[in-house]
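Engineer: based on what follows, work out the 3D shape:
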Amino acid sequence: MPAPKSLDGRRIGLVGLGRRGLAVARKLTAEGARLHVWTQNTEKAAALGEAHPLIEIEPCPRDVARYTEATLIAVNSDDALERVVFDPEEDRYGVLHGTPPDGLIVDIGESAPATTRKFADRVRQSGRIWLDAPVTETTLGGTISIGGTDMALARIWPFLNALGSKVLHAGPVGSGQAIRTCGAAIHGQMVQALAEGLALAAASGVEADALLAALADSAVGGAVLSESGRRMADREFRAGRTVREQAELANQALELARAAGITLTGLANNAEHWQTLLDGSQGDLNISSLIIEIAEGRKEPQ
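Structural biologist: Down below sits the predicted model:
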């Protein structure tokens, strides 16, 4: 007889089956959860439902929420989040329309902090509960930060615990997305610092491989150095987070700073670099392509 799993008999809704949604579905079903799922791609949904006995495909977001303890929303834009939750066109097929009073709606995508807070207010006025717990490639298996009340966190904790190694209560609604945004801003500026360091090394006659090897065991070593540094040295800019995605994240961070009434000149400078790459039609390249703009696009005339 197989050993019991942590989510045996539990039902959870999932809207969105992109890369994030599929990864979440795999982890939850691996722990025994029964999923009610909707995605705009009907062929993908049908194939997934046929292949997995624990996954039931629903005809619209509303029906995902009707029979589950909570609904996770894994979409990739603020506009998509609004459509699947509120259905502003017909006002009848959104997740909100199927969520029972005091039911949970969980934003696990990458929405702007201001957006998730605005939607939380709309949901709260209807008697439902909103939480934000962004799930990224980094947080899957790592720390998932969640914004919301203690009571709501206790209800969703078993599901989030199955997705990450640690669930962190970051504060009120919006705190999870704020942490994600701040982390992305830090990452973007680390990539810029690395690109500038490699450009300086090259201008000083030092090979990229020598600099990377020298820094590997230093205080500045780590994932950014090993991954982005290798990409920069090899000029390999496929896969991973794109310039377009990082530009959006940098703009979200700037908006967060404006809302808080603070000026962050380093972040503003970093955002300009991503915009320059976008303007140069490099939006679909990996963020490590910043080395091109740093090393080759900003040379001073001799």
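Engineer: kindly list the main-chain dihedrals of the residue lying closest to residue 68 once chain neighbours are set aside?
Structural biologist: Nearest in space to residue 68, with sequence neighbours left out and distances taken as Cβ to Cβ, 6 or more residues apart in numbering, is residue 13 at 4.0 Å. (Each C-beta comes from the backbone N, C-alpha and C, glycine too.) Comment: the main-chain dihedrals of residue 13 come out as phi -90, psi 150, following degrees, to the nearest 10.
Engineer: name the residues that touch whichever strand or helix holds residue 144?
Structural biologist: With secondary structure defined by DSSP states H and E, residue 144 is part of strand 143-147. For strand 143-147, contacts defined as Cβ atoms under 8 Å, 6 or more residues apart in numbering pick out 116, 131-135, 139, 153, 156, 160, 163-180.
Engineer: also stretch 77-85?
Structural biologist: Applying Cβ under 8 Å, 6+ apart, the external contacts of stretch 77-85 come out as 15-16, 38, 61, 73, 75, 88-89, 94-96, 105, 107, 109, 111-112, 115, 119, 123.
Engineer: the residue nearest to residue 101 when sequence neighbours are not counted and residue 153, how far apart?
Structural biologist: Setting aside the residues directly before and after it, residue 101 is nearest to residue 127 in space (Cβ to Cβ, 6+ apart), at 4.6 Å. Taking Cβ to Cβ, to the nearest Å as the criterion, residue 127 is separated from residue 153 by 19 Å.
Engineer: ok, these two, which is more surrounded?
Structural biologist: Neighbour totals were compared for residue 127 and residue 153, and residue 153 leads with 18 against 11 (other Cβ atoms under 10 Å).
Engineer: so for that one, what's the pLDDT?
Structural biologist: Looking at residue 153, its pLDDT is 96.
Engineer: repeat for residue 257
Structural biologist: Per-residue pLDDT puts residue 257 at 96.
Engineer: name the element it belongs to?
Structural biologist: Element membership of residue 257, judged by DSSP H and E, is helix 243-260.
Engineer: keep only those of the contacts of strand 143-147 that are in helices.
Structural biologist: Here DSSP state H is the test, and those give 116, 153, 156, 160, 163, 175, 176, 177, 178, 179, 180 as lying in helices.
Engineer: of those residues, which is the most crowded?
Structural biologist: Among those, the one with the most neighbours (other Cβ under 10 Å) is residue 176, at 29 neighbours.
Engineer: residues contacting that residue?
Structural biologist: 107, 116, 131, 132, 133, 134, 144, 145, 146, 147, 148, 170.
Engineer: strands along the stretch 51-200 of the chain, start to end?
Structural biologist: In the stretch 51-200 of the chain, strands defined by DSSP state E, counting those that start in this stretch lie at 55-57, 70-73, 104-107, 129-132, 143-147, 166-171, listed in chain order.
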